[in-house]
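A.B. asks: My questions concern the predicted model and sequence given below.
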Number of protein chains: 2
Amino acid sequence: MASVACTAAAAQAQGVVARPGNALRSAAPLRVARAGRSAVVVAAGPKLDLHSNVFPKELVKFAETEEYIYRGGRDKYSKLPEAFKGIKQVGVIGWGSQAPAQAQNLRDSFAEAGMDTKVVIGLRPDSPSCEEARAVGFTEADGTLGEVFDVISKSDMVVLLISDAAQARLYPRILAAMKPGSTLGLSHGFLLGVMQNDGADFRKDINVVLVAPKGMGPSVRRLYEQGKEVNGAGINASFAVHQDATGTAADIAVGWAIGVGAPFAFCTTLESEYKSDIYGERAVLLGAVHGIVESLFRRYVRQGMSDIYGERCVILGGVHGVVESLFRRYTRQGMSDEEAFKQSVESITGPITRIISRDGMLGVYNQFSDADKKIFEQAYSASFAPAMDICYEIYEDVACGNEIKSVVNAVERFGRWPMGKIDQTHMWQVGQKVRAERKEDQIPINPFTAGVYIATMMATVQTLQEKGHPYSEICNESIIEAVDSLNPYMHARGVAFMVDNCSYTARLGSRKWAPRFDYILDQQAYVAVDAGKQADAETIQAFKSHPVHGALAECSRMRPSVDISVGVDGDNTGVGAGAARTEFRSVAATATA
Amino acid sequence: MASVACTAAAAQAQGVVARPGNALRSAAPLRVARAGRSAVVVAAGPKLDLHSNVFPKELVKFAETEEYIYRGGRDKYSKLPEAFKGIKQVGVIGWGSQAPAQAQNLRDSFAEAGMDTKVVIGLRPDSPSCEEARAVGFTEADGTLGEVFDVISKSDMVVLLISDAAQARLYPRILAAMKPGSTLGLSHGFLLGVMQNDGADFRKDINVVLVAPKGMGPSVRRLYEQGKEVNGAGINASFAVHQDATGTAADIAVGWAIGVGAPFAFCTTLESEYKSDIYGERAVLLGAVHGIVESLFRRYVRQGMSDIYGERCVILGGVHGVVESLFRRYTRQGMSDEEAFKQSVESITGPITRIISRDGMLGVYNQFSDADKKIFEQAYSASFAPAMDICYEIYEDVACGNEIKSVVNAVERFGRWPMGKIDQTHMWQVGQKVRAERKEDQIPINPFTAGVYIATMMATVQTLQEKGHPYSEICNESIIEAVDSLNPYMHARGVAFMVDNCSYTARLGSRKWAPRFDYILDQQAYVAVDAGKQADAETIQAFKSHPVHGALAECSRMRPSVDISVGVDGDNTGVGAGAARTEFRSVAATATA
């Protein structure tokens, strides 16, 4: 199945009922090179045109490509009755990260639009989450809280927000319970991957749509509330129409995105979404950043900033004594644990992240001195190819179904070997101490660290681009989610804490791929630097001239106008950032299944 | 498909033609719990009875189970004409690790038996290996060297010894070229895994058999030559009959095993062989041992032998001054790089390996002082569960087809990102220095290192046992191949060198799983030890009373009576140990494809 393209023919091949007014249209000529499930799509013009008859779409230019987007906002709520025509009940199943936010936002939006569409929560009757749902006004008494399959069978739209593993286990029963002509709403394409592995298809008589908010549930709720006063607040979302049985699936999907508060909604497919999402969290969003800092911390403790840094000091430094001491400190004796932590972890999650968020990756490069630019370039050049190697391996393992199969198998082993935490090792103990004594404005912007990190970020970008993903998705799954959501959490609480509190799918992925990035950087990148390998002009030129910088700038213009707040050590608010992948209140989420 | 069982019904389900005299018989009642491809077989009595009408089988007791085996030796060569009845030409395809050895051994054995069956090598005409084949007497002139597909189409038996990746790419053409009623001989079940992923089946009109010598090609040749004088020299093999079109497949398979010099041949299936083999090299044989020593080296450099070791010294030590200095050395200041290398790598590949080879795993435990036994027990207890966690993940990734799919995909990426070496990092540079100055009798037997390593070895064993493999296979893929083949090579040349010179399948696997063992030991086992967690009596009791010790003793009685010799740094003899997985002379092997 094509990765991100949905021509009418491809749609039909996927079992989509093509009919007049169908949402899936090809807006531009397509060249689709098929290779099993890993098709690469090369397109001129927007590859995806998910057409709604209710909401107006806009054409936006991201670098050299164009995409259709939908603009949200409270002024669009008046169109929700038309978008949700015939939907008398939306059943939100589960009470994890996304469900409390999406259910409350939809309820508020429906009320604002004067609709009588009911939002009903579906949970196991003995689920501890029932109490939380009741606390925000979903009750058995008024028929807005009920048993999972009972709610499913009575809903015209089912928003399925139970964990990935629970979806994998329960989907046959869930699909069987749905009303003919109803709509299945997903916030993650994971289930499609599971069903592809199983050789299973969705029922042909239902709509299957996706809305994936680009932030964790608590942010989806918080920014929606702020949106009542601050225009443009809310979390952006991607959306997809996988199957359009009623001819109105795109209206429902866009309406859902706007109803939960998305200022902008970007077109994607279930397959493109799950591939980029599962891939992204294994690459720079979680897995890679963990592996990078482990390898850098070790390196800095052992040998400081590498001989090259020392040479640079000797060659370029002014005051001889200072240079000599820097040289000794950084090359021969290594750094203290605390200093190494600052030069690796703190540098990435603090200033490097903030600069990328504000000025993009080039912003980090541009603020360096000439000497530091050289260090950055050398580290970048040595790290880019090894990072690409692992990024491609991850992507192809996700695309061929391996990664999803591994996750499903792993979850089945939890009874015997529960997933352990990773945050008790020496390095993360050092981190806790460093954070406690942190002076934010004294965190260094280490050019070697920046080179390694940004090379890996660019490898994450480049792989998605070569695999045919739209720029709105590339930017989000490689950069925006890192610098605006996950890294700020890691900065507040530690990388390991972040990893330990994500969804099983993300945690398992991070656990699997972090050490791969660690080892390959150690075995190839750092070895090359220590052997004196200089920066590669072509690699650096490719970095500087990459179209993603322009695309990211365009995405930034669509950023929510309110920052996402994060907790600190010991605070349990918003634990486990990371969009729909999050298992915030994970006990409840698991219990729901 | 059942993991290791071949009942008549299961055989038929696999597309095996069951007929009177068929080699596949169920010798005992079976209970097969099916779960996709990962069936677990629980059996009483021998699970596999591959019956030959030519050679007599023997029943052997391995711990609580029985297996049928065949005994080889030069006195059996007189039966080769009957075993190879109707086979006028054996085509050996490829010239990697196994092919030169197997082709020459078969040629010699056929001559010894007075047979006119020809052994013909199949290579690409422009392959650089042709010259090597000619040098040992296979020539175009006498019709014993030809083009691959020409040789295949003219052979009554095709022994396919090209690389895993080449097999995956070429099998449709190879199968199509074979004569009806001919025999396909494999030395690794990898191809079956590839075909299962592809949903492909073997042609029904050919035999498919396996002989997997339990040593690399050069050893297979060297010990065969020694077997002309030393009775019992030769490399043991496992064998399997996957498909029996002629009713004589078992005769051919056993004849092949004996013809290449196996003193003993053990029954298995293609599926059981590839699962245990691909799993084993990812676990303790290569992947785990690499990950273990990386994690231990780092630990010893940073903090020495852990606080517990220090406490032990303080509590139990006699001379106060010595104790104090040991304490400081081992706990506070960490070890020198060289010392850490000796206490981790050298300890495992040297004395621990030698003791296991001679006296089993309990032999290592028993030679420790009471104080060191305590350290061993604590390290073992902390490491066993994390190691099991990863071992199960590996096994299930292999069993469900993921690992083979990943290998096939990875090889296709080599054009863009060739596999890098891992032996240039600091630790392996230290290793080279340590080996150069080695005094063999001064290498320490570190009890902490031994505990971690043997726990992982036991986890490798336990997983195979729970997955239903026969003990002959368990002992080989977890212990014997480690201590009698791979570890001695690692001792001579370094762990990293060993990994860098294995087959792609093994290298990719080691690269993938070594860092997983490293991280999980660091994150769970060492953290537990440092937090003061004491040995678990139940875990230690399970280790001491495990039936594998008895099974290993039985296997040891069947060891070749001549040791396998290994090279040293700088020597290229026998590079890349490791049975059929080896790509010794890997350029030639790849070129063949």
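C.D. replies: Yes, it's here. Residues are numbered from 1 along each chain as shown, chains lettered A, B, ... in the order given.
A.B. asks: Now A:Ile174: closest residue in space, sequence neighbours ignored.
C.D. replies: For A:Ile174, ignoring the flanking residues on the chain, the nearest one in space by Cβ to Cβ, 6 or more residues apart in numbering or on different chains is A:Ile152 at 6.1 Å. Where you see a C-beta, it was placed from the backbone N, CA and C, and this is true even at glycine.
A.B. asks: residues in contact with the one you found?
C.D. replies: For A:Ile152, the contact set (Cβ atoms under 8 Å, 6 or more residues apart in numbering or on different chains) comprises A:91, A:93, A:122, A:158, A:174, A:177-178.
A.B. asks: Could you dump the residues you listed into a markdown table with pLDDT added?
C.D. replies: Output for the contacts of A:Ile152, formatted as a markdown table (pLDDT from 0 to 100):
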| residue | pLDDT |
| --- | --- |
| A:Gly91 | 98 |
| A:Ile93 | 98 |
| A:Gly122 | 98 |
| A:Val158 | 98 |
| A:Ile174 | 98 |
| A:Ala177 | 98 |
| A:Met178 | 98 |
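A.B. asks: Are we agreed that the residue nearest to A:Ile174 is in a helix?
C.D. replies: Yes. Counting by DSSP: H, G, I helix; E, B strand; the rest coil, A:Ile152 is located in a helix.
A.B. asks: what bits of chain A have low per-residue confidence?
C.D. replies: By pLDDT under 70, the low-scoring segments of chain A are A:1-45, A:305-333, A:561-593.
A.B. asks: Apply 50 and report the result again.
C.D. replies: A:1-44, A:307-332, A:570-593 (pLDDT under 50).
A.B. asks: Only alpha carbons, please: show stretch A:458-477 as PDB.
C.D. replies: Output of stretch A:458-477 as PDB, limited to C-alpha atoms (Å, rounded to 0.1, in the frame of the first residue of the first chain):
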ATOM      1  CA  MET A 458      18.800  15.800  10.100                       C
ATOM      2  CA  ALA A 459      19.100  12.100   9.500                       C
ATOM      3  CA  THR A 460      15.600  11.600  11.000                       C
ATOM      4  CA  VAL A 461      14.400  14.300   8.600                       C
ATOM      5  CA  GLN A 462      16.200  13.000   5.600                       C
ATOM      6  CA  THR A 463      14.900   9.500   6.000                       C
ATOM      7  CA  LEU A 464      11.300  10.700   6.300                       C
ATOM      8  CA  GLN A 465      11.800  12.900   3.200                       C
ATOM      9  CA  GLU A 466      13.300  10.100   1.100                       C
ATOM     10  CA  LYS A 467      10.400   7.800   2.200                       C
ATOM     11  CA  GLY A 468       7.900  10.300   0.800                       C
ATOM     12  CA  HIS A 469       6.300  11.900   3.900                       C
ATOM     13  CA  PRO A 470       4.800  15.400   3.700                       C
ATOM     14  CA  TYR A 471       6.800  18.200   5.200                       C
ATOM     15  CA  SER A 472       4.200  19.000   7.900                       C
ATOM     16  CA  GLU A 473       4.700  15.500   9.100                       C
ATOM     17  CA  ILE A 474       8.400  15.500   8.700                       C
ATOM     18  CA  CYS A 475       8.900  18.700  10.700                       C
ATOM     19  CA  ASN A 476       6.600  17.500  13.400                       C
ATOM     20  CA  GLU A 477       8.000  14.000  13.900                       C
END
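A.B. asks: The residue nearest to A:Asp205 when sequence neighbours are not counted in helix, strand or coil?
C.D. replies: Setting aside the residues directly before and after it, A:Asp205 is nearest to A:Pro180 in space (Cβ to Cβ, 6+ apart), at 4.7 Å. Under three-state DSSP, A:Pro180 falls in the coil class.
A.B. asks: Isn't A:Pro180 up against A:Thr246?
C.D. replies: No. In this structure, A:Pro180 is not within contact of A:Thr246 by Cβ atoms under 8 Å, at 10.2 Å.
A.B. asks: Neighbour count for those two, which is higher?
C.D. replies: A:Thr246 (21 against 9; other Cβ atoms under 10 Å in any protein chain shown).
A.B. asks: For the more buried one, list the residues it contacts.
C.D. replies: Neighbouring residues of A:Thr246 by Cβ under 8 Å, 6+ apart: A:86, A:181, A:183, A:207.
A.B. asks: ok, and the most crowded of the residues you listed?
C.D. replies: That'd be A:Thr183 among those, by other Cβ under 10 Å, with 28 neighbours.
A.B. asks: What's opposite that residue in the beta bridge?
C.D. replies: Beta-bridge partners of A:Thr183, counted by DSSP bridges, are A:Met157, A:Asn207.
A.B. asks: Would you confirm that it contacts A:Ala250?
C.D. replies: No. The pair A:Thr183 / A:Ala250 is not scored as a contact, 11.2 Å apart, by Cβ under 8 Å.
A.B. asks: joint contacts of those two?
C.D. replies: A:Val209.
A.B. asks: gap between the longest helix that chain A contains and the chain center?
C.D. replies: Under DSSP state H, the helix in chain A containing the largest number of residues is helix A:370-399. A distance of 20 Å separates the centroid of the chain from that of helix A:370-399, by Cα atoms, centre = their mean, to the nearest Å.
A.B. asks: That helix and chain B in contact?
C.D. replies: Yes. Residues of helix A:370-399 contacting chain B under Cβ under 8 Å from any Cβ of the partner chain: A:385-386, A:388-389, A:392-393, A:396-397.
A.B. asks: buried residues in that helix?
C.D. replies: A:372-399 (16 or more other Cβ atoms under 10 Å in any protein chain shown).
A.B. asks: what do you get for stretch A:199-207?
C.D. replies: Using 16+ other Cβ under 10 Å as the test for burial, stretch A:199-207 gives A:202, A:206-207.
A.B. asks: thinking again about what came up before, show me the two of the contacts of A:Ile152 that sit farthest apart.
C.D. replies: A:Gly122 and A:Met178 (11.9 Å; Cβ to Cβ).
A.B. asks: Mind checking which of those two has more residues around it?
C.D. replies: A:Gly122 (30 against 23).
A.B. asks: How about the contacts made by that one?
C.D. replies: A:Gly122 neighbours (Cβ under 8 Å, 6+ apart): A:91-94, A:146-152.
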